[in-house]
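Novice: Got a sequence here, can you build the structure:
(one chain, ligands or ions: 1)
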Amino acid sequence: MQLEQKNVLVGVSGGIAAYKTPDLVRKLKAQGANVRVVLTESATHFVSSLSLQAVSGEKVSTHLLDEDAEAGMGHIELARWADIFLIAPATANIMAKLAHGLADDLLTTLYLATPAPVLIAPAMNQQMWAAPATTANFELLLSRGVTTIGPAAGEQACGDMGYGRMAEPAEIVEALCAHCEMYLNEAPRETILKGKRILITAGPTREAIDPVRYISNHSSGKMGFALAEQAKNLGAEVILVAGPVSLETPVGVTRYDVISAQQMLDTVEQHVDQADIFIACAAVADYKVARENAQKLKKSGDELTIAFTQNPDILKTVASRSNPPFTLGFAAETENVEEYARIKLNKKRLNMIAANDVSIPGLGFNSDRNALMIITKNTTHRLAPETKDALALSLLKIMHEEYTHLQEVR
Ligand code: PMT
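Specialist: From the prediction side, this is the model:
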């Protein structure tokens, strides 16, 4: 019951995904939320207000100038009532209206009138999602503090494939719970990781070519630092081994800075004996230069060939220990995400792997948002695009369940 006594105002705009909203409302209610629903005129063509009234147990509002509603729960009152305003599905049209401050119906008026945090679950055809106008509206909304859940990729109602599917109701509720726990709950957080020692790697590694050049990757460290911060908030004792990044150390976290993969491995090995859980979020260079040049390489000829040799695999080294901690690895993929992640899970003999598609603009490397598929031998969880903080919290909760389950069966 993570939404106990939270007032969730659900705005439904007119897209095919609106048919999922009765299930969404049921799931919100199951988490203890008080739910009121507002439909746009076009949403009424996709879902009936009667079914939403039945599942929410509240009158559903559609019109701005509704005499009944004005008498009881006027739009200002409704805007004030909300602890959180969730717009699902959010069509391209509604996102455009929100971005530009149009208020020609109840839903858009509520967006302007509510002081509550706003979350949107975009849903539209993939071409519409990729349209520059939609991208600009989306970014404007994000820059004004709107949080987005999804959209997800996959087959669409129109037969197209790509980004634009509304996140599933379960994913939306999960993201909403994480959001509430992080930003709205005054009550102390759950401390499910109290007494656990967690070792986390984050950021890129740099492999020197000569004294002034190196090879590296686009990792900013944000995902790993978010995990460190959320694990600390959940009560864990956290050691963070960070590659070269420019991020503040989360309060209460012990941090060790390293540059190369070998240094990262050495530092991990110094601390892994005390760790209950090892999370490998760092983007470690698979290869290093075979022979580092002591002096700056001089320009010579049109081509330059540099020989590389494999770096040690830190995660595999930890998971192969005789008494390993619980191991959660990451998989950064640009294709066949699930298949390649499963191969890594098995090959490296991990307890869990969190896979991300790093080919999607705005997610993964060096962004504030990400989406994850979390895989164990027997389970798969999909976490829709969200802020890295919210994702880290959801991931740690799923990890904790699996960790506890493994302790029980041992
Ligand atoms: O740092 P951000 O900008 O926030 O971006 C986040 C992220 C995309 C870097 C992160 O979410 C992520 O995917 N991290 C793993 C990146 C990676 O190197 O993935 P991989 O599929 O190449 O490696 C698989 C796993 O083995 C990873 O857990 C990695 O840490 C580990 N590994 C890899 C090579 C190596 N030599 N040693 C390792 O420990």
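
Novice: what's the burial count for residue 209?
Specialist: 18 (other C-beta atoms under 10 Å). Where C-beta positions appear, they are placed from N, C-alpha and C, glycine not excepted.

Novice: these two touch, right, it and residue 296?
Specialist: No. Shown here, residue 209 and residue 296 do not form a contact pair, counting by C-beta atoms under 8 Å, at 9.5 Å.

Novice: For the chain, which segments count as helices?
Specialist: Taking DSSP state H to define them, one finds helices in the chain at 21-30, 49-56, 67-71, 75-81, 92-100, 106-113, 126-130, 132-143, 169-183, 222-233, 261-271, 314-319, 337-347, 388-409.

Novice: If you average pLDDT over each of those helices, which is lowest?
Specialist: Per-stretch mean pLDDT for the helices of the chain is lowest at helix 67-71 (a mean of 57).

Novice: Tell me the spacing between the closest residue to residue 14 other than its chain neighbours and residue 16.
Specialist: Residue nearest to residue 14 in three dimensions, not counting chain neighbours: residue 42, with 2.8 Å by C-beta to C-beta, 6 or more residues apart in numbering. Residue 42 sits at a distance of 11 Å from residue 16 (criterion: C-beta to C-beta, to the nearest Å).

Novice: Contact residues of the stretch 201-350 of the chain facing the ligand?
Specialist: Counting by C-beta under 6 Å from any ligand atom, the positions of the stretch 201-350 of the chain adjacent to the ligand are 201, 203, 219-224, 261, 280-284, 286, 311, 313-315, 329-332, 344.

Novice: swap the cut-off to 5 Å and go again
Specialist: Counting by C-beta under 5 Å from any ligand atom, the stretch 201-350 of the chain comes close to the ligand at 219-223, 280-284, 311, 313-315, 329-332.

Novice: gap between the two ends of stretch 348-361?
Specialist: 28 Å (C-alpha to C-alpha, to the nearest Å).

Novice: which parts of it are buried?
Specialist: Of all the residues in stretch 348-361, those buried under the rule 16 or more other C-beta atoms under 10 Å are 348, 350-358, 360.

Novice: I'd assumed residue 13 was in contact with the residue nearest to residue 14.
Specialist: Yes. Judged on C-beta under 8 Å, residue 42 makes contact with residue 13 at a distance of 7.1 Å.

Novice: between those two, which one's more packed in?
Specialist: A count of neighbours by other C-beta under 10 Å puts residue 13 above the other of residue 42 and residue 13, at 29 against 16.

Novice: Excluding chain neighbours, what is closest to that one?
Specialist: Spatial nearest neighbour of residue 13, excluding adjacent residues (C-beta to C-beta, 6+ apart): residue 94 at 4.0 Å.

Novice: How about the contacts made by that neighbour?
Specialist: Contacts for residue 94 (C-beta atoms under 8 Å, 6 or more residues apart in numbering) come out as 11, 13, 40, 87, 107-108.

Novice: ok, those residues vs residue 196, which is closest?
Specialist: For the contacts of residue 94, the residue nearest residue 196 by C-beta to C-beta is residue 87; the value is 36.9 Å.

Novice: partner residues bridging the closest one?
Specialist: Beta bridges link residue 87 to residue 11, residue 120, judged by DSSP bridges.

Novice: Only whichever of the residues of the stretch 201-350 of the chain next to the ligand are buried, select them in PyMOL.
Specialist: PyMOL command restricting those to the buried ones, with burial defined by 16+ other C-beta under 10 Å:
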select buried, resi 219+220+221+222+223+280+281+282+283+284+311+313+314+315+329+330+331+332
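
Novice: What pLDDT is listed against the residue nearest to residue 14?
Specialist: Listed pLDDT for residue 42 reads 97.

Novice: can I assume residue 249 is in contact with residue 240?
Specialist: Yes. Counting by C-beta under 8 Å, residue 240 is a contact partner of residue 249 at 7.2 Å.

Novice: So for these two, which sits in the more crowded spot?
Specialist: The neighbour comparison of residue 249 against residue 240 (other C-beta under 10 Å) goes to residue 240, with 28 against 14.

Novice: Burial check on residue 320, number of neighbours?
Specialist: 12.

Novice: mind listing what the residue nearest to it when sequence neighbours are not counted touches?
Specialist: Leaving aside its sequence neighbours, residue 320 sits nearest to residue 349 (C-beta to C-beta, 6+ apart; 6.9 Å). Each residue near residue 349 by C-beta under 8 Å, 6+ apart is listed here: 316, 319-320, 327.

Novice: again, but for residue 23
Specialist: Taking C-beta under 8 Å, 6+ apart as the test, what residue 23 contacts is residue 169.

Novice: picking that back up, what's the closest of the contacts of residue 94 to the ligand?
Specialist: residue 87 (26.9 Å; C-beta to the nearest ligand atom).
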